[in-house]
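J.: Got a predicted structure here, sequence first:
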Amino acid sequence: MAGDLVSTLADLKEKEALGIVQDRLSAGDDPLSILDDARRALEIVGKRFADSEYFIPDLVYSGEILKGITDMVKPKLAKAAEVKRLGKVVMGTVAGDIHDIGKDIVVFMLDVSGYEVYDLGVDVPAQKFVEKIKESGAPIVGLSGFLALAFDSMKETVEAIKAAGLRDKVKVMIGGGQMSEEIRKYTGADAYGKDAMAGVTLAQKWVGAK
Amino acid sequence: METRVSSPAKEVIIGDGQPTVLIGERINPAGKKKLAEALKAGNLEIVCREALAQAQAGADILDVSVGTFGVDEVTLLPQVVQAVMDTVDIPLCLDSANPEALEAALKVYKGKPLINSVTGEGHSLAKVLPLVKEYGAVVIGLVQDEEGIPKDSERRVAIAHKIVQRAEAAGIAREDIIIDCLASAVGADTSSGLAVIEAIRKIKAELGVNLTLGASNVSFGLPDRDLLNNAFVVMAVVAGVTCLIVDVAKVRPIILAADLVLASDKRARRYIEAYRQHHKQ
């Protein structure tokens, strides 16, 4: 009988995890329950990262194993049976800044926590945030940045959202190496998260989850 | 190729066959809350303490950066540079992304400083290079451009060529250009360390310039950071880096060992002297 996918994947045992998925698919197990186990496993990975038990390469690796699993499961998945998401989040590193690691970690944590994340990448102009908010209807926006010049870009992005008449439709959070409550005030954002878990907590608060 | 940087009291020579020059990175408020608060309040006591501690730890040059939220760099950078010059007698590396702040600091500096930095971006080259020429400074060129920090070695090399070409066209001698290949975090991309080492080798071979590296970023997000930093700086020096921007107290012992092995420490004077100092305490 297949072993426990949640603990095997959380322990980053790639071969064993993919083997379990293969066995469960062959046994006619529900593909959605496999994906749900995988999501729970990555939640554990995220917790271990927050506890400094896991490190960035562990996150990257867990993401790669997950991709292997979804590639196996997808063909068996009925089109209509899309995984239910908690809410949408638009994320990006603001204009002029090219730091991606912190932003990628937040995207990862939000994703495994059940959010649909639109990752706009790095050096994202304010207008691109505005367009994506309009297009997706996402109620949450995450602005990332590390450089001192990101403070002004964040402020300009919040102002652009306001100018587009969207300010009362979205909650904006900021994060990054040098961010603080003082900078949060300067930018006009709604909240500042000191790490990736804080970002998830804010998102949960804002969509009223848990 | 020999690059000379100076203060009124000291000249530091960066080049092959010379001991690796260590530039102290600690006068920088990024990630240092206490220092950032003190700078905002105009209190330069911590700065002077850091300057002294780094000089005593064996720093050859000190990097001076005041870039943080709520600080007017144009006013503050020259003040801090003056305070550091009054505290220690080694040359300084004036560090800002703001060309006006750099110029204000250049006006008060006595000697031939390092400027940190120019990038391969058009606006940076256009504003910083004339300052380097006018004040007779040495400039650090970062291999990033409008598209960001390259992932591979080829683009790093291409941007280094561009910076050297533009600097020489602006009348700056090649020995007054130092290239920084920009270490990226190996935790996020485990092939990025090798790309940096390859870029160092190629730039050294193709351009012959001196090279530096802000090395600590390599270990971002990983455990036992000092271990990784030490491994990385040694490889960087073997590949051709001649000066390093680092936490000197932490990195100097491994660099003294590397310099000795690489024949840059004749009769092991520096290595043994550091040992004696260490065991006297």
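T.: Sure thing, it's come through. Residues are numbered from 1 along each chain as shown, chains lettered A, B, ... in the order given.

J.: only C-alpha atoms for contact and neighbour calcs from this point on.
T.: Noted.

J.: Which secondary structure state is assigned to residue A:143?
T.: Three-state assignment for residue A:143 (DSSP: H, G, I helix; E, B strand; the rest coil): strand.

J.: What's opposite it in the beta bridge?
T.: Beta bridges link residue A:143 to residue A:92, residue A:174, judged by DSSP bridges.

J.: Is residue B:47 located within a helix, as I assumed?
T.: Yes. Per three-state DSSP, residue B:47 lies within a helix segment.

J.: who touches the residue nearest to it when sequence neighbours are not counted in this structure?
T.: Leaving aside its chain neighbours, residue B:47 sits nearest to residue B:27 (6.3 Å; criterion: C-alpha to C-alpha, 6 or more residues apart in numbering or on different chains). With contact set as C-alpha atoms under 8 Å, 6 or more residues apart in numbering or on different chains, residue B:27 has these partners: B:47, B:50, B:51, B:62, B:63, B:64, B:65, B:66.

J.: Switch those over to CSV; also include pLDDT.
T.: Output for those, formatted as CSV (pLDDT from 0 to 100):
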residue, pLDDT
B:47, 96
B:50, 96
B:51, 98
B:62, 98
B:63, 98
B:64, 98
B:65, 97
B:66, 95
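
J.: Closest one of these to residue B:174?
T.: residue B:63 (21.4 Å; C-alpha to C-alpha).

J.: Three-state assignment for that closest one, please.
T.: Under three-state DSSP, residue B:63 comes out as strand.

J.: Count the neighbours of the residue of the stretch 51-200 of chain B found nearest chain A for me.
T.: Closest contact between the stretch 51-200 of chain B and chain A, by C-alpha to the nearest C-alpha, is at residue B:187 (5.2 Å). Burial of residue B:187 is recorded as 22 neighbouring residues (other C-alpha atoms under 10 Å in any protein chain shown).

J.: wait, is it part of a helix?
T.: No. Going by three-state DSSP, the assignment for residue B:187 is coil, not a helix.

J.: For it, give me its contacts.
T.: A:55, A:56, A:57, B:218, B:219, B:220, B:221, B:222.

J.: at 6 Å instead, please
T.: Counting by C-alpha atoms under 6 Å, 6 or more residues apart in numbering or on different chains, residue B:187 makes contact with A:56, A:57.

J.: And it, what's its pLDDT?
T.: Listed pLDDT for residue B:187 reads 91.

J.: do you know how far it is from residue A:41?
T.: Distance from residue B:187 to residue A:41, counting by C-alpha to C-alpha, to the nearest Å: 21 Å.

J.: again with residue B:182
T.: Residue B:182 sits at a distance of 35 Å from residue A:41 (criterion: C-alpha to C-alpha).

J.: what does chain B put close to chain A?
T.: For chain B, the residues in contact with chain A (C-alpha under 6 Å from any C-alpha of the partner chain) are B:68, B:187, B:221, B:222.

J.: Name the nearest of the residues you listed relative to residue B:126.
T.: residue B:68 (23.9 Å).

J.: burial count for the closest one?
T.: Residues contacting residue B:68 under the criterion other C-alpha under 10 Å number 24.

J.: any idea whether it is helix, strand or coil?
T.: Under the three-state scheme (three-state DSSP), residue B:68 adopts coil.

J.: Please report how far it lies from residue B:96.
T.: Relative to residue B:96, and taking C-alpha to C-alpha, residue B:68 is found at 10 Å.

J.: Equivalent analysis for residue A:48, please.
T.: Going from residue A:48 to residue B:96 by C-alpha to C-alpha gives 37 Å.

J.: These two: which has the busier surroundings?
T.: Using other C-alpha under 10 Å as the criterion, residue A:48 and residue B:96 rank with residue B:96 on top: 22 against 16.

J.: what does the longest helix seen in chain A contact?
T.: Longest helix in chain A by number of residues (criterion: DSSP state H): helix A:31-50. If you take C-alpha under 6 Å, 6+ apart as the criterion, helix A:31-50 is touched by A:6, A:9, A:10, A:54, A:55, A:73, A:112.

J.: Show the contacting residues for residue B:138.
T.: Residues in contact with residue B:138 (C-alpha under 6 Å, 6+ apart) are B:114, B:176, B:177.

J.: The last one reaches residue B:139, doesn't it?
T.: Pointing back at residue B:177 there. Yes. Assessed by C-alpha atoms under 6 Å, residue B:177 is found in contact with residue B:139 at 5.1 Å.

J.: Next to chain B, which bits of chain A? Give me the list.
T.: Within chain A, the positions near chain B by C-alpha under 6 Å from any C-alpha are A:55, A:56, A:57, A:148.

J.: and the residues you listed, which of them are in strands?
T.: Residues of these located in strands (DSSP state E): none.

J.: Ranking by neighbours, what's the top pick from those?
T.: The most crowded member of the residues of chain A next to chain B is residue A:56, carrying 22 neighbours; neighbours defined as other C-alpha under 10 Å.

J.: Residues in a beta bridge with the most centrally placed residue in chain B, which ones?
T.: For chain B, residue B:245 is the residue whose C-alpha lies nearest the centre (C-alpha atoms, centre = their mean; 3.8 Å). Beta-bridge pairing for residue B:245 (DSSP bridges): residue B:23, residue B:214.

J.: Tell me which residues touch it, please.
T.: Shown in contact with residue B:245 (C-alpha under 6 Å, 6+ apart): B:23, B:24, B:25, B:213, B:214.

J.: what's the distance between it and residue A:187?
T.: The gap separating residue B:245 from residue A:187 is 32 Å, by C-alpha to C-alpha.

J.: same thing with residue B:102?
T.: For residue B:102, the distance to residue A:187 equals 26 Å [C-alpha to C-alpha].

J.: Now do the helices in the stretch 101-250 of chain B.
T.: Taking DSSP state H, counting those that start in this stretch to define them, one finds helices in the stretch 101-250 of chain B at B:122-135, B:153-169, B:192-207, B:225-239, B:248-261.

J.: Buried residues in the third one, which are they?
T.: Of the residues in helix B:192-207, those buried under the neighbour-count criterion (16 or more other C-alpha atoms under 10 Å in any protein chain shown) are B:192-204.

J.: go on, the first one?
T.: Residues of helix B:122-135 classed as buried: B:124, B:125, B:128, B:129, B:131, B:132, B:133 (neighbour count, 16+ other C-alpha under 10 Å).

J.: Can you lay out those residues as TSV showing distance to residue A:181?
T.: Converted to TSV, the buried residues of helix B:122-135 look like this (distance: C-alpha to C-alpha, whole Å):
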residue	distance to residue A:181
B:124	31
B:125	34
B:128	33
B:129	37
B:131	36
B:132	37
B:133	41
